[in-house]
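K.L.:
sequence plus predicted model, see below.
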Amino acid sequence: MASDRRGGSNRQLALLLAAVCIDLCGVALVIPLLTHYARALDLSPKWFGVLQSLYGVAQLFGSPLMGAISDRYGRKQVLLISCVGTATSYFAIGFTSSIVSLSLSCSSRAVLEPGGGWAC
């Protein structure tokens with residue numbers, strides 16, 4: 001009986017860690033591409049720094065918010081919505097044509113980050 005319970009727990013932990021790992025790989029792929037977007041959008045280095053810091057500010061406010069939502073509605077549902085929202089944000093980043101849409105896509109991605117302190 002205890003082994004079944006433990007096996008399920010290990011499988012859930014593995015799925016959670018896989019979601020966080022995929023998310024971190026996505027961040028590692030997108031951040032270097034932001035410099036190319038900045039050049040294509042004729043963004044000054046100052047505003048590129050503002051764009052980079054916007055991600056941290058959005059994550060600062062989004063992590064407690066997503067944690068509270070996760071506590072209220074359950075971790076599975078919020079993690080699923082978070083992964084879909086993050087994929088949508090990555091898709092939007094890929095097709096952005098203005099600095100406003102790029103900043104909205106990056107900040108929404110930061111708010112919806114799976115594993116930003118509330119997944120574990």
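P.N.:
Yep, that arrived.
K.L.:
what is the worst-scoring helix or strand of the chain on mean pLDDT packed up against?
P.N.:
Every helix and strand in the chain was compared by mean pLDDT, DSSP states H and E; the lowest is helix 2-40, with a mean of 74. Contacts defined by 3 or more CB pairs under 8 Å, 6 or more residues apart in numbering; DSSP states H and E place helix 2-40 against helix 45-73, helix 75-94, helix 99-111. No exception for glycine: its C-beta is placed from N, CA and C like everyone else's.
K.L.:
buried ones in the last one?
P.N.:
Using 16 or more other CB atoms under 10 Å as the burial criterion, the residues of helix 99-111 that qualify are I99, L102, S103, L104, S105, C106, S107, S108, R109, A110, V111.
K.L.:
over to stretch 12-31?
P.N.:
For stretch 12-31, by 16+ other CB under 10 Å, it's L16, A19, V20, D23, G26, V30.
K.L.:
any idea how far that stretch is from the chain center?
P.N.:
9 Å (CA atoms, centre = their mean, to the nearest Å).
K.L.:
swap in stretch 106-115?
P.N.:
Relative to its chain's centre, stretch 106-115 lies at 3 Å (CA atoms, centre = their mean).
K.L.:
could you export it as CSV, CA atoms only?
P.N.:
Presented in CSV, the C-alpha positions along stretch 106-115 are these (Å, rounded to 0.1, in the frame of the first residue of the first chain):
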residue,chain,number,x,y,z
CYS,A,106,7.1,38.9,-21.7
SER,A,107,5.2,40.2,-18.7
SER,A,108,2.3,37.8,-19.1
ARG,A,109,4.8,35.0,-19.5
ALA,A,110,6.4,36.0,-16.2
VAL,A,111,3.1,36.1,-14.4
LEU,A,112,2.1,32.7,-15.7
GLU,A,113,5.5,31.0,-15.1
PRO,A,114,5.0,27.4,-13.9
GLY,A,115,7.4,26.9,-11.0
